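# Just need the structure, nothing else, for what follows:
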Amino acid sequence: MTPAPMEARYWHRLDGERIQCDLCPRACRLREGQRGFCFVRANQGGTLTLTTYGRSSGFCVDPVEKKPLYHFFPGTPVLSFGTAGCNLSCRFCQNWEISTAREMDALMDHAGPAEIARTAATLGCRAVAYTYNDPIIFAEYATDVAAACRDIGIGNIAVTAGYISNPARADFLGAMDAANIDLKSFSDTFYRRITGARLRPILETIEYAVKEAGIWVELTTLIIPGHNDSLTELQDLTGWVAECLGKDVPVHFSAFHPDNRMRDTPPTPLSTLLRARDAGLDAGLHYVYLGNAITDRGLGTRCPVCEAMVVARRGYAIVGYGLTEGGDCGRCGAAIPGRWDSAPGSFGPRRIPVRLSEGPR
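Below is the predicted model of the structure:
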């Protein structure tokens with residue numbers, strides 16, 4: 001049977017028949033029958049409901065490096081899933097079929113929290129990743145799954161843009177063990193024009209995640225030619241990370257490829273990615289990685305003290321490992337921040353689709 005919508009946790013009543021969603025900074029005000037910007041939270045009978053609870057656009061086992069997380073149990077598999085909808089409207093979104101979905105029939109898999117946790121354990125996954133679309137908009141479902149996972153020793157990873165309100169932020173991030181947060185630009189103008197959001201709430205989420213949530217955090221910035229690739233912006237972004245978050249927070253710069261509503265924008269040149277990496281290194285950041293590009297630079301993890309290669313990568317595969325069981329450099333003994341095992345996993349670049357149900361009946 002198709003799961004029934006459940007009451008959301010973050011909302012309050014306004015005057016008359018209107019209610020307000022308090023999950024994200026949009027604070028959507030909804031009359032009976034209306035849906036929020038994300039499309040999946042709706043006023044039904046005077047109650048805010050999450051219409052996608054227990055429903056997924058698909059499950060897949062893939063490498064943790066694909067999230068991307070490079071300092072969180074390298075080489076291990078994670079069970080990844082998402083739902084539908086989004087509270088941003090990124091013109092460049094590469095998962096737009098899911099994030100802009102308006103047909104709930106796209107959600108073919110049904111699974112409750114306990115079933116997802118058991119499946120992850122059965123498949124040998126180190127963690128469950130909430131991804132594909134932004135897990136913030138299915139926060140109640142994600143945090144319930146996370147609780148079931150923690151009960152049996154499975155970790156939890158959020159892949160998110162971080163556009164969440166203060167009341168919900170602590171609950172959502174407190175349920176996670178790691179997060180990769182998109183810092184899409186260091187310009188509020190970019191956020192308004194290209195994503196339909198604002199920069200300040202994103203920065204607040206990142207600071208909270210790093211300084212208060214007690215979870216492992218890495219950042220990703222997709223470099224889009226002509227929009228967020230100026231040297232000044234790259235210097236401002238990396239300088240903020242170094243000064244406000246610390247030099248040990250990993251930053252991933254990824255190449256843009258034309259998609260969705262930005263098909264006329266050219267792909268990111270490798271030279272631009274290398275310039276972004278140089279800006280991060282010049283700011284003093286210890287771990288600056290490159291993605292979506294053919295290059296050996298910006299893949300491996302080096303000790304910032306002795307420069308030994310402590311995690312060597314070839315794509316999503318771990319091909320060398322020089323860390324002790326406690327996560328120290330095997331050459332000089334310096335602590336490498338992250339979450340480490342005494343040996344890396346060997347899952348590699350595989351992608352294994354998983355079906356947890358037969359869909360609507």
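# Closest to the centroid, which residue in this structure?
For the chain, the residue sitting closest to the mean C-alpha position, by CA atoms, centre = their mean, is residue 159 at 1.2 Å.
# In terms of helices and strands, where is that residue?
Counting by DSSP states H and E, the element that carries residue 159 is strand 155-160.
# Can you show me the CA trace of that strand as PDB?
Listed next in PDB are the C-alpha coordinates belonging to strand 155-160 (Å, rounded to 0.1, in the frame of the first residue of the first chain):
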ATOM      1  CA  GLY A 155      25.800   6.000  10.100                       C
ATOM      2  CA  ASN A 156      23.900   8.800   8.500                       C
ATOM      3  CA  ILE A 157      25.000  11.300   5.800                       C
ATOM      4  CA  ALA A 158      23.200  14.400   4.600                       C
ATOM      5  CA  VAL A 159      23.900  15.800   1.200                       C
ATOM      6  CA  THR A 160      22.300  19.100   1.400                       C
END
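# now for that strand, which elements pack on it?
Applying 3 or more CB pairs under 8 Å, 6 or more residues apart in numbering; DSSP states H and E, one finds that strand 155-160 contacts strand 127-130, helix 139-151, strand 178-182. In short, each C-beta sits where N, CA and C put it, glycine included.
# Quick check: which of those is buried the most?
Stretch with highest mean neighbour count among the helices and strands packed on strand 155-160: strand 127-130 (a mean of 28; mean count of other CB atoms under 10 Å).
# Show me what that strand pairs with in its sheet, parallel or antiparallel.
Neighbouring strands of strand 127-130 in its sheet, by DSSP bridges, are strand 77-82 (parallel), strand 155-160 (parallel).
# returning to what we had before: and for the residue nearest to the residue nearest to the centre of the chain when sequence neighbours are not counted, the neighbour number?
Nearest residue to residue 159 in three dimensions, chain neighbours excluded: residue 131, at 3.9 Å (CB to CB, 6 or more residues apart in numbering). Counted with other CB atoms under 10 Å, residues neighbouring residue 131 total 21.
# Mind listing the residues bridging to residue 63?
Here residue 63, judged by DSSP bridges, has bridge partners residue 77.
# before we move on, back to that, next, the angle from the strand holding residue 159 to helix 139-151.
Using axes from the mean of the first three to the mean of the last three CA atoms, to 10 degrees, the direction of strand 155-160 lies 150 degrees away from that of helix 139-151.
# What is the next helix or strand after strand 155-160 packed up against?
Using DSSP H and E, the helix or strand that follows strand 155-160 in sequence is helix 166-174. Contacts defined by 3+ CB pairs under 8 Å, 6+ apart place helix 166-174 against helix 139-151, helix 199-211.
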